[in-house]
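Student: Fold the stuff below for me.
(chains A and B)
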Amino acid sequence: MKLALRNIQKSFGSNHVLKGIDLDVDEHEVVCLIGPSGCGKSTLLRTINLLERIDEGTIHLDGELVSGPGVDANAVRQRIGIVFQSFNLFPHMTVLKNLTLGPIKASGVSRAEAEARAIELLERFGLGDKVDEYPDRLSGGQQQRAAIVRALVGDPEVLLLDEITSALDPELVGEVLSVIRELASRGLTMILATHEMGFARDVANRVVFLDAGRVVERGPPAQVLGTPTQPRTQQFLRRVIEGGRL
Amino acid sequence: MASDQPPGGQLAPPSLTGGVNTYFAQEGARGALIAFVSTVVFFAVAIFAIGRSENWPTVQKSFFDVELMWDSLPAVWDGFTTNVWMFLIGQVAIMALALLIAVMRSLKGPAFLPVRLLAILFIDFFRGIPIILGLLLFGFGIPALRLPGLPNSAVFWGLVVVVLSYSAYTAEVYRSGIDAVPDSQRLSAASLGLTQWQGLRYAVLPQAIRNVIPALLNGFVSLQKDVALLSVLGVREAVREAQIITGRNFNYSPYIVATILFLAISVPSARFADWYTARDRARRSQGTG
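Tutor: So this is what the prediction gives:
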């Protein structure tokens, strides 16, 4: 078991966003979280790498408790990467500086080593000519790919992807998804929150349907997306199909 | 616009564009001519009116006595160099101290509450009292205590007060810049394993400072003049020197000398701030750099 979440609870004020979520993720597994907006997908991802503090429950990474007091959150975040919907690159830094900041400052890697690694990854993901560009000179798809590389450059054990194609123009979605496909084929453990049902069916080992802060249904993609058993899942997927997203 | 076309003129696209361009070019030249003529006329009338007024000879003698102006220049200039170095030292100290206070005030999390409180207390106090009151309190009060190991000079304590007071304002300028950086940038830095401080230092502050450079430049212009307030403590800067000579001669011309010296640095500084702000705005609207 790579990652084990037990009874994860989180409230913002009186808004109970996560109402006791259990989730296990195996090494090399790709799990897709689906569900309506506001169901808690994004919040769940942020609790996993401790960007949001959980109110209750436990998170184990490789059997080691990483939630709760006394845990070095920064060390955990170096092991669990996250990519955001709106890229969140640093606009005042070149792509290369964006990529090397974490390794150099958080992990103490030497500049030369961090740059070599960053350039190698950028080339692999087709951004070799963007090393010295500023983010606002890149297309949305290129920015998101650079953000993915930034999350990968520290060799995380788990990668979290929070609706990474939702802010992109439709014709740029493909290039970002193909990067994720490649990462999945290389065996990277990933949890994706996504609205791309077709992609989820393709790439996921398991699909988890969340609604109102609870897991409603989970299972292999063909089952959850093809023959869902829960009425709420059926209703959600019917609307997705009507909206032309599957 | 169409009515400006000569009757029967070509309305094909190229000639239409040419017509519009010519129209604006003519308007530009005509505008410049109008501006020039109206300016010359306005100032000519103003100078003529002042020169014709009954009291002008008296005013001229008391404020524009060229010989006294020339004689007072060395002393006032000497004092002015004091203004300049007080300004330079003060400016550097203010930028550093204000940034520190702004960062203290921006730290998040319950553990930093005392730090935030301290920053707020500081800002409230030094922004809340008139600078001249601070000068009188610190500049006369602290030297009178004769504290061992602390300087007793009025310049030192006066400058301390100006720095503290300006830092309180400037800290708020920085803070507005920090607040303008989206929270997602902090989140993004944290997700890379950076500490809160590293996130501020490398991700947030560079963007925040760039946001507020125009406002900081404005503050510089203001500080150049406000260091003259130290004259109330007897510091022999330009205004004080001019005051001494004025008192001796019963003539205000040395003040004009000081005025000219202040304008000679503050006007270019203000123009520079305008120019920088305009350039910054143009760059942002292009979405580059």
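Student: Tell me, how many residues neighbour residue B:44?
Tutor: Using other CB atoms under 10 Å in any protein chain shown, residue B:44 has 10 neighbouring residues. Every C-beta, even on glycine, is put in place using the N, C-alpha and C of the backbone.
Student: Likewise for residue A:156?
Tutor: That count, for residue A:156 with other CB under 10 Å as the rule, works out to 20.
Student: Just to check, it is in contact with residue A:76?
Tutor: No - using CB atoms under 8 Å as the test, residue A:156 is too far from residue A:76 to be in contact (10.3 Å).
Student: residue contacts, the closest residue to residue A:176 other than its chain neighbours?
Tutor: Distances taken as CB to CB, 6 or more residues apart in numbering or on different chains place residue A:144 nearest to residue A:176, at 5.0 Å, with adjacent residues excluded. For residue A:144, the contacting residues are A:83, A:87, A:164-165, A:167-168, A:172, A:176, by CB atoms under 8 Å, 6 or more residues apart in numbering or on different chains.
Student: Those residues: which two are farthest apart?
Tutor: In these, the most distant members under the criterion CB to CB are A:83 and A:172, with 14.8 Å between them.
Student: Can you give me the first-to-last residue distance of stretch A:156-169?
Tutor: Stretch A:156-169 has an end-to-end distance of 28 Å (CA to CA, to the nearest Å).
Student: excluding its backbone neighbours, what's nearest residue 104?
Tutor: No chain in the question, so chain A it is. Excluding the flanking residues, the one nearest residue A:104 by CB to CB, 6+ apart is residue A:114, at 5.2 Å.
Student: wait, I meant chain B there
Tutor: Residue B:104's closest residue in space is residue B:119 (CB to CB, 6+ apart), at 4.1 Å.
Student: Over to residue B:73?
Tutor: residue B:257 (5.8 Å).
Student: what kind of secondary structure is the spatially most central residue of chain A in?
Tutor: In chain A, the residue lying closest to the centroid (CA atoms, centre = their mean) is residue A:161, at 1.6 Å. Assigned with DSSP: H, G, I helix; E, B strand; the rest coil, residue A:161 falls in the strand class.
Student: so what's it bridging to?
Tutor: Per DSSP bridges, the residues bridged to residue A:161 are residue A:83, residue A:192.
Student: just to revisit the earlier point, identify those among the contacts of residue A:144 that sit within helices.
Tutor: Counting by DSSP state H, these place A:172, A:176 in helices.
Student: what comes up buried for the helix or strand containing the residue nearest to residue B:73?
Tutor: Assigned by DSSP states H and E, residue B:257 belongs to helix B:253-286. For helix B:253-286, a neighbour-count test (16 or more other CB atoms under 10 Å in any protein chain shown) marks B:253-258, B:261-262, B:265-266, B:269-270, B:273 as buried.
Student: Also stretch A:58-78?
Tutor: With burial defined by 16+ other CB under 10 Å, the residues of stretch A:58-78 counted as buried are A:59-61, A:66-67, A:74, A:76-78.
Student: Repeat that for stretch B:182-202.
Tutor: Neighbour counts over stretch B:182-202 (16+ other CB under 10 Å) mark B:185-194, B:196, B:198-200, B:202 as buried.
Student: How are the helices of the stretch 151-289 of chain B distributed by residue range?
Tutor: Along the stretch 151-289 of chain B, counting by DSSP state H, counting those that start in this stretch, helices occupy B:154-179, B:183-191, B:196-198, B:205-226, B:238-249, B:253-286.
Student: Present those helices as a markdown table; the columns should include distance to residue B:37 and mean pLDDT.
Tutor: Listed next are the helices of the stretch 151-289 of chain B as a markdown table, based on distance: least, CB to CB, whole Å; pLDDT from 0 to 100:
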| stretch | distance to residue B:37 | mean pLDDT |
| --- | --- | --- |
| helix B:154-179 | 42 | 93 |
| helix B:183-191 | 53 | 94 |
| helix B:196-198 | 61 | 91 |
| helix B:205-226 | 32 | 91 |
| helix B:238-249 | 38 | 91 |
| helix B:253-286 | 24 | 87 |
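Student: Turn those helices into CSV, columns for distance to residue A:150.
Tutor: Below are the helices of the stretch 151-289 of chain B laid out as CSV (distance: least, CB to CB, whole Å):
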stretch, distance to residue A:150
helix B:154-179, 23
helix B:183-191, 9
helix B:196-198, 15
helix B:205-226, 17
helix B:238-249, 54
helix B:253-286, 24
